[in-house]
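Undergrad: sequence and predicted model, in that order:
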Amino acid sequence: MSDNPGGLAVELRDISKRFPGVIANYEVDLTVRRGTIHAVVGENGAGKSTLMKTLYGMHQPDTGTIAINGAQTEMRSPSDAIGAGVGMVHQHFMLADNLTVLENIILGSEPSNRGVIDLRAARSRLTELMASVGTELDLDTEVSELGVGERQRVEILKVLFRGAQILILDEPTAVLVPDEVDELFETLKRLVADGATVIFISHKLDEVLQVSDDITVMRQGTTVAHTAPTEIDRSGLAELMVGSELPSPAGRTSTIGEEIRLEVRDLSVPGAEGRPAVESASFTVRAGEIVGVAGVEGNGQFELCTAIAGLRPSTGSVIVDGRDLAHANTRERHRAGLAYIPFDRQREGLMLNAPLWENTLLGREHEESLSKGPFIDAEAARASSVSIIDRFGVLTPNETVPAFALSGGNQQKLVVGRNLVTEPAVLIAAHPTRGIDVGAQAAIWDEIRQARDSGMAVLLVSADLEELIGLSDTLLVMFDGHITARLDPDSVTPSELGTHMTGTHLEVTT
Amino acid sequence: MSKRERPGGLAGLLSRITTGSDATAMRTSLTTVGSSLVAVAIALTICAVLLAVTGKNPIDAYATIIETGASGNKLLEMLRRATPLIFSATAVAIGFKMLIFNIGVEGQYLFAALVAAEAGSRVSLPIVIHIAFILVVAMIAGAFWASIAGVLKVRKNVHEVISTIMLNYIALSVIQWLFENFFRDDEVEGLNIKTTLLPDSARMPDIVDGRLNGMFIVALATVTAFWVIVYRSRFGFRLRASGFNATAAETAGISARTMTIIAMIFSGAVAGLVAMSSVLGEAFAYGPNATPIGFGFAGITVALLGRNHPVGIVIAALLFGFLDSTSAELQLANVPNSIVKVMQSIIVLTVVIVNEATIRKLNERTAEQARADLAGVTS
């Protein structure tokens, strides 16, 4: 089928992609040999998805070139990519539930005969395709009746039906049970044997080592290593992902007191499909202590934080300053001294169309100093907003501009300021400096340190290792809903952290 | 730090006008009003074309509208017709402040009118207290009917658009059943069937004899209360916060469930007052042919036209009241009655479209302005 067997199916050179305020990809090189399974591994935020979106034409790179089968190609849209034989299976399936398997697969590229869909032709082509891939699906079943593994096969068939020779699979095993993973790998191997090329995005190192021919490791937006399962082992790969040197904690002085301000005991959070999102998490945070939570995103950190904040149902205890808040709602927890800097400032933190002073009032509107009986004291609320703007260095002309007019870093300073100005007993800070510039980051770190010095307890969730190691007194690692390790940030090694974050130690010990 | 301080004296005043908060707010409202006027002008032009196409002289038609509108009686008629619209638009706007669409004002106010008229006819109280009693009963009845949709949304996740529309139909049947079996005054026959007439102590005094009753004042008071509650109270802040960003509000401890129920109760309570100018001031009873219908739906368009703002609602209600009041004269001038409805609808559509465009422009300009101000500050 190919005129150049053994050549390069995909060649990405010098790809850079910048989003406002962040560099998502920087001088990325990726070469994929035809007829191989090529794994792209890296932590969340390492730039894997951005790179794949570039390859699939979902956005254009700022610099760099893309060559498919040796020919320079410009990917202006996914249809360009499909035209060039590149198909993508997204992590979240994009299927119409109430259509049949057949209808879903042909949707958008229906073979037609004088304007009428030629179902017979579609059916026979699909039967052939399924035989060649070695999979079996009842084409007339409604997709709503299929399990996750079968849905994924529908997605793969859909891509193949459009003639894709290069398949991108974005974390395909994240949703599968072990049996289904094995089946998927069988399918992938057959595809590759037939001359197709598979790009496989993952951070599960065992799977990567098991199935791939080549491995590219990404870290902090760029490609840091090209290797193969024959050349490297699990801990070596983990070290590559995390980085060979961990940032050194800069002159930290411990201010940990005796008093336990936050105690989480046996906290479990139900998740989707009966699997708990967090299971039996227990830890304490003392006055003046920062406890960092490391982990690949999606391992229960979000559920843990929102459950502590009272935003989702959970079992177990959350005790702040000796008071059990298990049955308290969000506002009561807030009043008991629990502040929460949410993961996503725009979605969970701000009213973008409201003026800054209303944004700094949000969650504090019950405070006596900001109200007069049942009414808001607008003067006081504005004055308070101005003082937050000054203290936290929010760059804005005044307190009445709407929040959308601010840059991301300044929006974040506003959210952090709003939470710190109440002098909470406990601060839950989720990615407090994500996606903002270095200056704003340093300012926020300083504020968190100062609040800690005055006795606040901090639970810090972050994907930024510099932040975690630089700020934390204790490091917890979350994997698959469990707190799997308790590490000392001063002495932890990259491979130790990497193996815990990827859950590799679990297999090692069994 | 010094960048936040404003100079005093004249320079301070000037800086307040150019960059201060009030200037921003002023500019926003001026632009909104301006864009609404432009939209009305565009709508009138479209209507003129429409009139011309149907063989009427648009200039004659508009002249008729202006002539009749200029008379004192017509202005009173405008206020009379605007009164129920102010109530229903306010009811819709309360829900809309937290992005809840109360499409059920129609059912809520008719149910409230029946219950309040019947309750009022069964008690004897001194004059002011009697009127107040009926108004309170109407508000409770309206709030009750609206709260059903609120509870369904919170408990069973039923979308309020579906439930309030359905509750409109249910309200009509319930009203008919209650009226025919329990509340109807059997001494009255024919088309004029009603509940028992209210005694004198329950009749709303007229502001202008036979032309405008006191409910107009109540409407203005209600819209003022709406303004104070929504823009000044803690509850109003929480309501608007839920509308701005429900997730952020929830994260800040504002329970969406509680806010939904309270918003529906407030909205329904105001809806309960829609037909009171008829019950207390014109028909002195509830009657299937005496109590006006359709104001619940008209209120949605008025709220939309008034951008859910108290001042906007009053202006929009007056405009609709005015257009309604001229329909009789237009018919005499051989322009069909329906053209007024068409005109109202075209005005609403153009205002919505023009406003969307303006808001987007305004947002862009605000963001640009903020950046420009910052550049000035930091350099």
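TA: Great, that's in hand.
Undergrad: show me which residues of the stretch 151-300 of chain B are close to chain A?
TA: Proximity of the stretch 151-300 of chain B to chain A (CB under 8 Å from any CB of the partner chain) is limited to residues B:232-238, B:240-241, B:244-245, B:247-255. To be clear about C-beta, it is placed using only N, CA and C from the backbone, and glycine gets the same treatment.
Undergrad: kindly recompute the last result at 6 Å.
TA: Residues of the stretch 151-300 of chain B lying near chain A by CB under 6 Å from any CB of the partner chain: B:232, B:233, B:234, B:237, B:241, B:244, B:245, B:247, B:248, B:251, B:252, B:253.
Undergrad: in three-state terms, label residue A:327 for me.
TA: Secondary structure for residue A:327, judged by DSSP: H, G, I helix; E, B strand; the rest coil, is coil.
Undergrad: same check on residue A:216?
TA: Quick answer, by three-state DSSP: residue A:216 is strand.
Undergrad: of the residues of the stretch 151-300 of chain B next to chain A, closest to residue B:284?
TA: residue B:233 (35.2 Å; CB to CB).
Undergrad: can you pull the phi and psi angles for that closest one?
TA: phi -90, psi 160 (degrees, to the nearest 10).
Undergrad: so what's the residue in the stretch 101-250 of chain A that chain B sits nearest to closest to, chain neighbours aside?
TA: At 19.5 Å from chain B, residue A:144 is the closest residue in the stretch 101-250 of chain A, using CB to the nearest CB. Counting by CB to CB, 6 or more residues apart in numbering or on different chains, residue A:144 lies nearest to residue A:97, which is 4.2 Å off, once chain neighbours are set aside.
Undergrad: what is the neighbour count of that neighbour?
TA: 12 (other CB atoms under 10 Å in any protein chain shown).
Undergrad: what's the helix or strand for it?
TA: Assigned by DSSP states H and E, residue A:97 belongs to neither a helix nor a strand.
Undergrad: that one touches residue A:146, doesn't it?
TA: No: using CB atoms under 6 Å, residue A:97 is not in contact with residue A:146, being 9.3 Å away.
Undergrad: need the residues that contact stretch B:336-348.
TA: B:40, B:43, B:46, B:47, B:301, B:304, B:305, B:323, B:327, B:331 (CB atoms under 6 Å, 6 or more residues apart in numbering or on different chains).
Undergrad: oops, could you answer that again for stretch A:275-285 instead?
TA: A:260, A:262-271, A:291, A:300, A:303-304, A:457, A:459, A:481-483.
Undergrad: let's go with 7 Å and repeat that
TA: Contact with stretch A:275-285 is made by A:260-271, A:291, A:300, A:303-304, A:307, A:426, A:457-459, A:476, A:481-483, as judged by CB atoms under 7 Å, 6 or more residues apart in numbering or on different chains.
Undergrad: among those, which are in helices?
TA: A:303, A:304, A:307 (DSSP state H).
Undergrad: which one of these is nearest residue B:56?
TA: Comparing the ones in helices among the contacts of stretch A:275-285 against residue B:56 with CB to CB places residue A:303 closest, at 65.9 Å.
Undergrad: okay, now residue B:34: neighbour count?
TA: Considering only other CB under 10 Å, residue B:34 is surrounded by 12 other residues.
Undergrad: next one: the one 5 residues further on
TA: Under the neighbour criterion other CB under 10 Å, residue B:39 is assigned a count of 23.
Undergrad: same check on the one 3 residues further on?
TA: Other residues lying near residue B:42 total 17 when counted by other CB under 10 Å.
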